[in-house]
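1. Predicted structure and sequence below. I'll ask about it afterward.
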Amino acid sequence: MCLVNELFEQTGIEEEIQQVKSVSGGSINDSYQIQTAKNQFFMKVHTNAPQDFFHIEKTGLEKIRSTKTIQVPKVIHYSDEPGRAFLLMEWIDGVQTSKTDVMLGRDLARLHQQTNSKHGFCSDTYIGTLTQKNAMSVSWVDYYRDYRLRNQLELGIETGTIQDVRRKKLEMLMERLDTLLPNDVDASYLHGDLWGGNWLVGPNGIPYLIDPSFLFGHRLFELAFTELFGGFSEAFYKAYNDVYPIDSNYNDMKEIYQLYYLLVHLNLFGEVYGASVDRIINRYN
């Protein structure tokens, strides 16, 4: 806890810490609740972070916040100093209500209605501990093939998770991606890593998005991931659809979009995700 106190002093906040509690915050960072006489804060510490790790997270949160469509925690301070990287944010705590899922669906749809002229992002980002290479592209299909699927393919070749038949079939799928996905789609503001653990409930049951892997892209890419591991209710999808109706051909492309996240999990956690990857690439070969 001494490190937490030292890092808090760097923020310039002139409040004395009364209590520090270790809290759950995922497997990547050490996370803490900090209590002062006036406020509560949430601090994430990463002693082996890449050089720009928390800068990228801060940028993603601020991109989402700038739309004024859906809540994210306010970033108070961050540092990417080697061995002492941390991110300090406001503490978010609340109780889910009967309206929370509706608000989440509605507000995510409003976020997706905000668009950019190109797909992608201006800097590399992270998903879990993996680097996501980025560029800006007028073509969604080119971006998804070259800066999402190809990144994971190359990593899988390097680490041995994607070899032989799996590699050949994935490469064949990528070659015909323009026949499977639409190219002329809006470049929506996307959270980029929206599973059930990356949103939480704040005061009055209001939903907050956390831990983004921000990009501009096809909104159905995001929706497909929400379905992959569950955690989102029927009320969420209905509220989303009421604000921003989901394309009738969504189910035709859903697994193509889920494939990316399954490749990420294959490269992060191993062959336990191999069968799911193979099922999708076999379907399209």
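-> Thanks, I have it. Note that the coordinates shown come from a computational prediction; the quantities given were computed from them, not determined experimentally.
2. From here on, just use CA atoms for contacts and neighbour counts.
-> Noted.
3. could you turn the helix ranked longest in the chain into CSV, dropping everything but the C-alphas?
-> Longest helix in the chain, counting residues (DSSP state H): helix 250-269. C-alpha atoms of helix 250-269 as CSV (Å, rounded to 0.1, in the frame of the first residue of the first chain):
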residue,chain,number,x,y,z
TYR,A,250,-26.9,-8.8,-38.7
ASN,A,251,-26.9,-12.6,-38.0
ASP,A,252,-25.3,-13.2,-41.4
MET,A,253,-22.1,-11.4,-40.2
LYS,A,254,-22.2,-11.8,-36.5
GLU,A,255,-19.8,-14.8,-36.3
ILE,A,256,-17.4,-13.1,-38.6
TYR,A,257,-17.1,-10.3,-36.1
GLN,A,258,-17.0,-12.7,-33.1
LEU,A,259,-14.1,-14.5,-34.8
TYR,A,260,-11.8,-11.6,-34.0
TYR,A,261,-12.5,-11.8,-30.3
LEU,A,262,-12.2,-15.5,-30.3
LEU,A,263,-8.8,-15.2,-32.0
VAL,A,264,-7.8,-12.7,-29.2
HIS,A,265,-8.8,-15.2,-26.6
LEU,A,266,-7.0,-18.0,-28.4
ASN,A,267,-3.8,-16.0,-28.4
LEU,A,268,-4.3,-15.0,-24.8
PHE,A,269,-5.5,-18.2,-23.2
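4. Now do the buried residues in that helix.
-> Neighbour counts over helix 250-269 (16 or more other C-alpha atoms under 10 Å) mark 254-268 as buried.
5. tell me which strands and helices the helix or strand following it is in contact with?
-> As assigned by DSSP states H and E, the chain's next helix or strand after helix 250-269 is helix 274-283. Applying 3 or more C-alpha pairs under 8 Å, 6 or more residues apart in numbering; DSSP states H and E, one finds that helix 274-283 contacts helix 164-175, helix 250-269.
6. tell me how far the host helix or strand of Leu108 is from the chain's mean position?
-> Assigned by DSSP H and E, Leu108 belongs to helix 100-112. What separates the centre of helix 100-112 from the centre of its chain is 16 Å, taken as C-alpha atoms, centre = their mean, to the nearest Å.
7. could I get it in PDB with only the CA atoms?
-> Only the C-alpha atoms of helix 100-112 are listed here, as PDB (Å, rounded to 0.1, in the frame of the first residue of the first chain):
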ATOM      1  CA  THR A 100     -30.300   0.100 -15.900                       C
ATOM      2  CA  ASP A 101     -30.300  -2.300 -18.800                       C
ATOM      3  CA  VAL A 102     -32.600  -0.100 -20.800                       C
ATOM      4  CA  MET A 103     -30.400   2.900 -20.200                       C
ATOM      5  CA  LEU A 104     -27.300   0.900 -21.200                       C
ATOM      6  CA  GLY A 105     -28.900  -0.200 -24.500                       C
ATOM      7  CA  ARG A 106     -30.300   3.300 -25.200                       C
ATOM      8  CA  ASP A 107     -27.000   5.100 -24.400                       C
ATOM      9  CA  LEU A 108     -24.800   2.600 -26.400                       C
ATOM     10  CA  ALA A 109     -27.000   3.100 -29.400                       C
ATOM     11  CA  ARG A 110     -26.600   6.900 -29.000                       C
ATOM     12  CA  LEU A 111     -22.800   6.400 -28.800                       C
ATOM     13  CA  HIS A 112     -22.900   4.400 -32.000                       C
END
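8. contacts for it?
-> Helix 100-112 is contacted by residues 64, 67, 69-70, 188-190, 201, 205-207, 219, 232-233, 235-244 when judged by C-alpha atoms under 8 Å, 6 or more residues apart in numbering.
9. again, only using 7 Å
-> 67, 69-70, 188-190, 205-207, 219, 233, 235-237, 239-240, 243-244 (C-alpha atoms under 7 Å, 6 or more residues apart in numbering).
10. what do you get for stretch 69-81?
-> 11, 51-54, 58, 61, 65, 85-90, 92, 107-108, 110-111, 207-210.
11. Now do the SS call for Ala49.
-> coil (DSSP: H, G, I helix; E, B strand; the rest coil).
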